[in-house]
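Engineer: For reference, the sequence and a predicted model appear below.
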Amino acid sequence: MRHHVRASARPTAASEVSGGDAAGRLVRPFTLTGGRTRPSRADFTLITTVTAVDPPPAWAPRLQPEHARILKRCVEPIAVAELAAHLDLPVSVVVIMLCDLLEAGRITIRPPHPVSRTPDLQLLQKVRDGLGRL
């Protein structure tokens with residue numbers, strides 16, 4: 001016995017999130033980046049914080065729908081990795097699109113704070129003492 005699966009006319013939420021078009025077809029990630037495979041800048045890490053510029057610059061070019069989706073998520077500061085997860089897109093694709101937005105003046109970025117290489121000996125002593133009391 002064969003079972004037929006009927007495709008729905010309305011795209012599912014998953015296809016909308018993963019870059020599907022109005023007909024529910026998948027949009028390949030390289031089409032979102034215009035075929036580019038490398039970012040134009042090296043400013044972004046997984047934990048770089050991104051925030052949309054509000055109001056946008058008057059000279060800013062018109063956005064593609066995918067860029068608008070990113071800006072909606074960046075109203076509040078958000079890490080690159082978290083943004084990619086929300087958009088259900090590869091980090092590499094999101095970084096290329098973020099480069100576009102940064103060069104257009106539509107976002108600001110904050111690199112992660114450097115971590116001190118020297119341990120805080122007083123803090124380590126307090127932790128050791130606290131564990132010893134357990």
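Structural biologist: Arrived safely.

Engineer: before we move on, which element is the residue minimising distance to the centre of the chain in?
Structural biologist: By C-alpha atoms, centre = their mean, the chain has its centre lying nearest to L83, at 2.8 Å. Using DSSP states H and E, the element containing L83 is helix 80-87.

Engineer: same check, this time on L98
Structural biologist: L98 belongs to helix 91-103, assigned by DSSP H and E.

Engineer: List the contacts of the helix or strand just after that helix.
Structural biologist: As assigned by DSSP H and E, the chain's next helix or strand after helix 91-103 is strand 107-110. For strand 107-110, contacts defined as C-beta atoms under 8 Å, 6 or more residues apart in numbering pick out 43-44, 48-53, 71, 74, 77, 98, 101-102. C-beta: built from backbone N, CA, C; applies to glycine.

Engineer: show me where pLDDT drops low in this structure?
Structural biologist: Where the chain drops to pLDDT under 70, the residues are 1-30, 33-35, 37, 116.

Engineer: try it again with 80
Structural biologist: 1-41, 56-62, 113-119 (pLDDT under 80).

Engineer: what about the strands in it?
Structural biologist: Using DSSP state E, the strands of the chain run over 49-52, 78-79, 107-110.

Engineer: Now tabulate those strands in JSON lines and tack on distance to H67 and mean neighbour count.
Structural biologist: Shown next, in JSON lines, are the strands of the chain (distance: least, C-beta to C-beta, whole Å; neighbours: other C-beta atoms under 10 Å):
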{"stretch": "strand 49-52", "distance to H67": "10", "mean neighbour count": "19"}
{"stretch": "strand 78-79", "distance to H67": "15", "mean neighbour count": "18"}
{"stretch": "strand 107-110", "distance to H67": "10", "mean neighbour count": "16"}
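
Engineer: would you turn the ones you listed into a markdown table with distance to V127?
Structural biologist: Formatted as a markdown table, those follow (distance: least, C-beta to C-beta, whole Å):
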| stretch | distance to V127 |
| --- | --- |
| strand 49-52 | 28 |
| strand 78-79 | 27 |
| strand 107-110 | 29 |
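
Engineer: nearest to P39, of those?
Structural biologist: strand 107-110 (12.2 Å; C-beta to C-beta).
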